[in-house]
Structure formats: C-alpha cells, structure tokens
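>>> here you go, sequence then predicted model.
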Amino acid sequence: MYYILKGHNFIDETVSVIMLFYPNDKYIKTDEIQDGITLLSGLENTEAYAELYIDGELKARRSEAAESSDRREIKRALGLCAALALKTARNIPLDWGILTGVRPAKLVSEAWNEGYDTDEIRDIFGRKYLVSPKKLELMIRVAEQERNIVENGIGKISIYIGIPFCPTRCLYCSFTSYPLERYKSRVDEYIDALIKEMGFVSAYAAGNEVESLYIGGGTPTSLTEEQLERLLCAVEKYLKIPAEFTVEAGRPDTVTLEKLRILKEHNVSRISINPQTLNDGTLRLIGREHTSAQFFEAFELARKAGHEHINTDIILGLPGEKEREVTNTMKGLEELSPESITVHTLAVKRASRLKETLESYDMADYALMERLLNIAGEYTEKMGMIPYYMYRQKNMAGNFENVGWCREGCQCIYNVAIMEEKQSIIALGAGGSTKTVDPRTNRIERIFNVKSVDDYITRIDEMLERKKALESLL
Ligand code: SF4
C-alpha cells in the first residue's frame, strides 16, 4: 500500500487512516503513483484533497475545505478526504469514522468545556468525523459518567505502582512483564528498589491529596505472601492510603486465600481477577496456563476474604472465539455478579507473540467482532451496569474500543484519571510513566522510569533523580 503526501507532512495521521481500511499491511511513502494501490493526500492552503489510484488509474477524488488553518482542523479535513476516497475501493463499516485517538470520551468533555452542547457535539462528530450514532451515544454516556469524577479529582493526585512479573507471558501481551520463573531471584531486589522509590515519593504524597492508589502490572499477586506483605507494609508507611486502593490479582493461578486476606488487611478496596475468557481451550491457546475453574475458585476465595469490589477483565476477539464462547463467558460472569467488568477487544501489538504468529490463528472479522460486542453489551446492561470509562488502541480487532462497565457507585477513579488526563499520576516501578497535569493550563509533563527490571534495580538512584522534577511540577 503506497501513499504520497503533497503540501503537508502528516505521515502518522495519514497512515492511521489507511490502516482503518488495510490493517496489517505495509505502508510505503513514495513520490510517484505505483502499481497496486496508491493514496495521494494533498493540501493547498486550507483545501484538503485525496486521490485514490489503482494500478495507475484514478478511481476516486474527494476534497474538503478545512474550516480554519488550525492544525487539528487541517488534520481532520485530510483524514476525512482520505477515508472517503479509500472507502470507494473498500467499503468497510467505519463505526468510529476517522477518530483514531485513544480517548474518544475526552473529546466530548473538551467540546463541553469549549461551550458546545450535546446536540452540537453529535452533529460535529457525526458529520465531520463520520462517527456512527451508536458510538456517539457511547462516547456521550461515558463522558457523562467521567464528568463528575473528573471535577471531584481536580487538584488531587493518584499513584501507580508496577509489579512487572507474571507466571507466563500471554500470547497477546505487549506490557512490561517478566516471566517469574526466570526472574524469581530478582523479585526481592525489585521490591527493595520500589520501597526506595516510595520513600522518595512520600513527601509528594504527604503534600497532596491522594485520591486513588493502583498496584498493577504484570501480576502483583505473583509475589509470594511474604513479598506482598512487605510491599504493602511499605505502601502504608510511605504513602497515604486513599479510599480507592486497587490491586490487580489478574492471573487466577496466583491467588491464594492468604494473599487475599493480606490485601484486605492492608485496606485494598478493589481487586481485579481476570479470566479474559471462560473457555478452557482458548485459555490454553493464549498461554494463560490456568483453567476457568481456577478463576471461579479465586473469585469465591476473594468473596470469602471479604472483598466487596471485584473487577473482571475479558477480551473479545480471542483466536477461535465466536458467539457461543463469548456467551459462555458472559453467563459465567453473570452468575458471579462482579461489581465491574472491563470488556476489551483484542489488539494485535507489535511486541506480542501473537503478532509473529497471527496467520496461524482463526481471528474474528469486523462483523463477528460487532456481534461479540453486542453480546457482551447485552449482558452488562442486563446486570445493571453502565459504561463509565473507555479507551481505544491501535491495531484493535475491527478497530473497536475497550469499555469499563460497572454497577452504579463502583466506578474506578484511577481508570477515569488515566483517560481524562486532568490529574497528576505518579508512577513507580519499572516502565512507570509519571504524568503531571497543570490544572490551570492542562499542560502535561512526563517523567519516565526505565523499562527493564535489571536497569530499574541498578539505576534506582537515577530514577529518583529524575523524579526531583516533581518539585516544580506538583
Ligand atoms: S497477565 Fe497481563 S501483563 Fe501478564 S503476561 Fe498476561 S497480558 Fe501480560
């Protein structure tokens, strides 16, 4: 797939629109029309246009005058022309239109802040970005849920702690995650480094109102009971424990009653136990190495230990899964009645094993993904849940979305803070990405920790040095 840019240089934006129509292709920038498919994206003053050539022959031309010379508006007009031209060759449904960003609900919040009312927002995103009425309603529902949480959280901070170890690596994983078997000997040193970082950050936690605390990964419950106890004692010593304190207990095979009790004793208010699917064949295929029975058992143990807010993550579009499998997963969750369910759609990430072996799997197409999302949506609505946060990723199967559903009052503040970017989040641990937000200007600054566990341990003093920038940013 070739593309030519004339009068502008928005490479990423152009490629991301092409990817909507030709996912998993190679995108080659060129100066001349080639054999095969070539998209020419051009700009003259504020007039955007796109031409689609197949084997050298012009098949479609679309143009759109941008309403201003604002960069965002220019990019929108270019994207719209490209999408309309490409659609003549490949008429695939475009539920999200030309919106390729990660945070669609945030766009609604921003438009409200700029003074647009909800009907105007429907018109703008429907007409100028080609978003379908169904997705528009989802964006607005989620933005309404996020609005109160965001307003409440302005001026406060959240804290994230990363535990990058897992029992095995899932087929689709692209996170910072290290197989425990190989890294077992480094876990204690990692916790030592984390505690050092907590000690350093404690001054910032003391000087600000901490609204939510989140220990994620990886799989935090892959730590031993002693390591978990040591970690949580340090959290209590150095950080203020807010009302919302989440710990991911993602892999059911890492959960024990004792670990769940330790979490409860240290005032963890929300845990996440994630089956991803309740079909044992798929679990084996995606390298989870636990069964659906282990998930049910872990969930029951969590209730027994007194956990009142349990989230469960699932993924739609896993290899080979169709309506029957997803219905089975949703039925199982309905029986357990968790407080929240995050419904992901599979993203094929570059750093995953899935990407390398994609061709050997039976993957869902757009129509199937849509049916699977409908099934999941019917069950969550039936369980009385509302969509309260949402994000999209590149390379998602069918270009859909991930939605957090919850019962009223069970919204996770941390998840909303990540999406809306109105609150500073201090991130500790390997791969941690701290983000500070200036509430007056919305200016965002980032401070990164190194990704590798080995580097994090040996360069912990350098990580603390980097965090000194918080002094002027918080
Ligand atoms: S549990 Fe999560 S972090 Fe761990 S390997 Fe699987 S996808 Fe990656």
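In hand now; what should we look at? Residues are numbered from 1 along each chain as shown.

>>> quick one: the worst-scoring helix or strand of the chain on mean pLDDT near the ligand?
Least confident helix or strand of the chain, by mean pLDDT, DSSP states H and E, is helix 353-357 with a mean of 80. No - with Cβ under 6 Å from any ligand atom as the criterion, the ligand is not reached by helix 353-357; the gap is at least 10.1 Å. Placement of C-beta: from N, CA and C, glycine included.

>>> number of nearby residues for the residue of the stretch 1-150 of the chain found nearest the ligand?
As assessed by Cβ to the nearest ligand atom, the ligand sits closest to residue 102 within the stretch 1-150 of the chain, at 18.2 Å. Using other Cβ atoms under 10 Å, residue 102 has 14 other residues around it.

>>> quick check: residue 8 touching residue 45?
No - with contacts counted by Cβ atoms under 8 Å, residue 8 stays clear of residue 45, the gap being 11.1 Å.

>>> these two: who's more crowded?
residue 8 (17 against 10).

>>> and that one, what is it in contact with?
41-43, 74, 78 (Cβ atoms under 8 Å, 6 or more residues apart in numbering).

>>> now the buried members of these.
Neighbour counting with 16 or more other Cβ atoms under 10 Å marks 41-43, 74, 78 as buried within the contacts of residue 8.

>>> looking at those, which are in strands?
Residues of those located in strands (DSSP state E): 41-43.

>>> how close does the residue nearest the centre of the chain sit to the ligand?
For the chain, the residue nearest the mean C-alpha position is residue 391 (5.4 Å; Cα atoms, centre = their mean). As for residue 391, its distance to the ligand is 16 Å (criterion: Cβ to the nearest ligand atom, to the nearest Å).

>>> with residue 336 instead?
From residue 336 to the ligand the distance is 19 Å (Cβ to the nearest ligand atom).

>>> now do the same for residue 395: its pLDDT.
You'll see residue 395 listed with a pLDDT of 60.

>>> list, one by one, the residues from this structure near the ligand.
Counting by Cβ under 6 Å from any ligand atom, the residues of the chain near the ligand are 166, 169-170, 173, 175, 177, 217-219, 250-251.

>>> ChimeraX command for the buried members of the residues you listed?
ChimeraX command restricting these to the buried ones, with burial defined by 16+ other Cβ under 10 Å:
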select :166,170,173,175,177,217,218,219,250,251
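
>>> next step: the residues of the chain next to the ligand restricted to strands.
Using DSSP E, the residues of the chain next to the ligand in strands are 166, 217.

>>> is residue 240 located within a helix, as I assumed?
No - using DSSP: H, G, I helix; E, B strand; the rest coil, the assignment for residue 240 is coil, not a helix.

>>> so who does it touch?
With Cβ under 8 Å, 6+ apart, residue 240 has these contacts: 205-206, 210.

>>> repeat the analysis, applying 7 Å as the threshold.
Shown in contact with residue 240 (Cβ atoms under 7 Å, 6 or more residues apart in numbering): 205, 210.

>>> which strand residues bridge residue 276?
Beta bridges link residue 276 to residue 314, judged by DSSP bridges.

>>> list the backbone torsions phi and psi for residue 418.
Backbone torsions for residue 418, taken as degrees, to the nearest 10, come to phi -60, psi -40.

>>> nearest residue to it other than its sequence neighbours?
residue 425 (6.9 Å; Cβ to Cβ, 6 or more residues apart in numbering).

>>> same thing with residue 246?
Closest to residue 246 by Cβ to Cβ, 6+ apart is residue 270, at 4.3 Å.

>>> what does residue 285 give?
residue 319 (5.9 Å).

>>> and that neighbour, how far from the ligand?
For residue 319 relative to the ligand (Cβ to the nearest ligand atom), the value is 15 Å.

>>> surely that residue is in a helix?
No - secondary structure of residue 319 (three-state DSSP): coil, not part of a helix.

>>> wait, what's in contact with it?
So residue 319 contacts 285, 361-363 (Cβ under 7 Å, 6+ apart).

>>> against residue 368, how distant is the residue sitting furthest away from the middle of the chain?
For the chain, the C-alpha farthest from the mean C-alpha position belongs to residue 57; by Cα atoms, centre = their mean, that distance is 40.3 Å. Look at residue 57 and residue 368: by Cβ to Cβ, to the nearest Å, they are 33 Å apart.

>>> tell me how many other residues crowd residue 378.
12.

>>> name the element it belongs to?
Per DSSP states H and E: residue 378 is located in helix 366-382.

>>> and that helix, what's buried?
Buried residues in helix 366-382 (16+ other Cβ under 10 Å): 366, 368-369, 372-373, 375-377, 379-380.

>>> could you dump the residues you listed into a markdown table with pLDDT added?
Shown next, in a markdown table, are these (pLDDT from 0 to 100):
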| residue | pLDDT |
| --- | --- |
| 366 | 84 |
| 368 | 92 |
| 369 | 91 |
| 372 | 96 |
| 373 | 95 |
| 375 | 98 |
| 376 | 98 |
| 377 | 96 |
| 379 | 98 |
| 380 | 98 |
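
>>> and the helices in the stretch 51-200 of the chain, which stretches?
71-89, 104-113, 118-123, 133-153, 180-183, 187-207 (DSSP state H, counting those that start in this stretch).

>>> could you dump those helices to JSON lines with mean pLDDT?
Listed next are those as JSON lines, based on pLDDT from 0 to 100:
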{"stretch": "helix 71-89", "mean pLDDT": "95"}
{"stretch": "helix 104-113", "mean pLDDT": "93"}
{"stretch": "helix 118-123", "mean pLDDT": "95"}
{"stretch": "helix 133-153", "mean pLDDT": "94"}
{"stretch": "helix 180-183", "mean pLDDT": "90"}
{"stretch": "helix 187-207", "mean pLDDT": "96"}
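
>>> thinking again about what came up before, for the ones in strands among the buried ones among the contacts of residue 8, which one is nearest residue 293?
residue 41 (52.6 Å; Cβ to Cβ).

>>> next one: the closest one from residue 318, what distance?
Distance from residue 41 to residue 318, by Cβ to Cβ: 35 Å.

>>> on that earlier part again, ok, so of the ones in strands among the buried ones among the contacts of residue 8, who is nearest residue 459?
Using Cβ to Cβ, these come closest to residue 459 at residue 41, 42.8 Å.

>>> and that closest one, bridged to which residues?
residue 5, residue 50.

>>> test my guess that it contacts residue 7.
No - at 8.9 Å, residue 41 does not count as touching residue 7 under the criterion of Cβ atoms under 7 Å.

>>> which positions within the helix or strand hosting residue 331 qualify as buried?
Using DSSP H and E, residue 331 sits within helix 323-336. Applying a neighbour-count criterion of 16+ other Cβ under 10 Å, one finds 325-326, 329-330, 332-333, 336 buried in helix 323-336.

>>> tell me what angle it forms with helix 366-382.
Here helix 323-336 runs at an angle of 20 degrees relative to helix 366-382 (axes from the mean of the first three to the mean of the last three Cα atoms, to 10 degrees).

>>> helices or strands next to helix 323-336 in the packing?
strand 310-316, helix 366-382 (3 or more Cβ pairs under 7 Å, 6 or more residues apart in numbering; DSSP states H and E).

>>> hey, what's the angle from it to strand 310-316? Just curious.
Using the same axes, to 10 degrees: helix 323-336 against strand 310-316 is 180 degrees.

>>> after helix 323-336 comes which helix or strand?
Counting by DSSP H and E, what follows helix 323-336 is strand 340-345.
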